[in-house]
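Engineer: just coords:
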């Protein structure tokens, strides 16, 4: 890999290749049938796929970018993977991208990478495999600037053969790749949590006056629904999401002209010292008009409950 390519572009190219390998690990664990499920907390699970995919991602990126701060969801999971899990190649199409001028001078120590090796673990264990994603988000000076969402179980037809998996990426001031962005639906459709609801969450949904509410798993999958024109707004009035859930989706959505904030309309910060939970929920849309509509629909009383 040419060292003349700017750091952010190289890191994104590496992340695409690593995410592809992590997706294969996720499929391999499922095909073997031994998920190795551990309950970390109430409705919070970890599987062998989470653990192995994270080891692959962190070891592979750390080997190439030793000064980059990498934060993964699965704490205490830093043992070295076997050689087959170490990915040192890079996506050639990404390497050919022109780096935005604002990111040309970025150094490794300016970067924090947020990793969710398997977003939608609950759905993974229950067989809702289309909801599952691998997320790698790249932040610079606390702001998401690039990201990767890999769908291990997305089905495509290549020639006469079926292929599993696709990888979507986004880079600030460049755009997105891996799929075609679609306009939002004609009617107001909300995407929200499938398995982590509560009265606050339901209240926020009711005030939107949506024609339809889609309940699906994983922050990555919800943002993809926005980008693919299947939903208008992503609403989650709860502190259930973490920084590794939203860094990559926010970077990609932003690169596509969308917006992801908390319920109050404030952006999250993604510095290494920031608290990991997104305490004031998630609100996202493919454009500013829809995002503004959603922020204005949320009652102040509900915003105050979340903020306090």
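Structural biologist: Nice, thanks for sending it over. Note that the structure is a prediction, hence the values are computed from the model and not measured.
Engineer: so residue 302 makes contact with residue 264?
Structural biologist: No. Residue 302 is beyond contact range of residue 264, at 9.9 Å (criterion: C-beta atoms under 8 Å). Quick note: C-beta positions are derived from backbone N, CA and C, even for glycine.
Engineer: Tell me the confidence at residue 97?
Structural biologist: Residue 97 carries a pLDDT score of 97 in this model.
Engineer: oh sorry, the question was meant for residue 46
Structural biologist: 64.
Engineer: quick one: low-confidence ranges for the stretch 1-150 of the chain?
Structural biologist: 1-3, 33-46, 75-84 (pLDDT under 70).
Engineer: what about the helices in it?
Structural biologist: Using DSSP state H, counting those that start in this stretch, the helices of the stretch 1-150 of the chain run over residues 7-32, 48-64, 92-95, 121-126.
Engineer: Can you add distance to residue 160 and mean neighbour count and give those back as CSV?
Structural biologist: Listed next are the helices of the stretch 1-150 of the chain as CSV, based on distance: least, C-beta to C-beta, whole Å; neighbours: other C-beta atoms under 10 Å:
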stretch, distance to residue 160, mean neighbour count
helix 7-32, 21, 22
helix 48-64, 29, 23
helix 92-95, 24, 16
helix 121-126, 29, 20
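Engineer: okay, those in JSON lines with distance to residue 151 next?
Structural biologist: Listed next are those as JSON lines, based on distance: least, C-beta to C-beta, whole Å:
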{"stretch": "helix 7-32", "distance to residue 151": "7"}
{"stretch": "helix 48-64", "distance to residue 151": "13"}
{"stretch": "helix 92-95", "distance to residue 151": "17"}
{"stretch": "helix 121-126", "distance to residue 151": "12"}
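Engineer: just so I know, which of those lies nearest residue 208?
Structural biologist: helix 121-126 (23.3 Å; C-beta to C-beta).
Engineer: Counting by contacts, list what the closest one packs against.
Structural biologist: strand 44-46 (3 or more C-beta pairs under 8 Å, 6 or more residues apart in numbering; DSSP states H and E).
Engineer: one more time with 10 Å
Structural biologist: Counting contacts by 3 or more C-beta pairs under 10 Å, 6 or more residues apart in numbering; DSSP states H and E, helix 121-126 is packed against helix 7-32, strand 44-46, helix 48-64.
Engineer: How far off centre is the first one?
Structural biologist: For helix 7-32, the distance from its own C-alpha centre to the chain's C-alpha centre is 13 Å (C-alpha atoms, centre = their mean, to the nearest Å).
Engineer: One more: stretch 299-307?
Structural biologist: Using C-alpha atoms, centre = their mean, the offset of stretch 299-307 from its chain centre is 26 Å.
Engineer: List the buried residues in it.
Structural biologist: Under the neighbour-count criterion of 16 or more other C-beta atoms under 10 Å, stretch 299-307 has 302-303, 306 buried.
Engineer: contact partners of that stretch?
Structural biologist: 199-200, 203-204, 207, 237-239, 262-266, 279-281, 295, 298 (C-beta atoms under 10 Å, 6 or more residues apart in numbering).
Engineer: Report the separation between the residue sitting furthest away from the middle of the chain and residue 27.
Structural biologist: Within the chain, residue 160 marks the point farthest from the mean C-alpha position, 30.8 Å out by C-alpha atoms, centre = their mean. Separation of residue 160 from residue 27 (C-beta to C-beta, to the nearest Å) stands at 21 Å.
Engineer: Got the domain ranges for the chain?
Structural biologist: Domain assignment for the chain by automatic domain parsing gives 7-177, 189-307.
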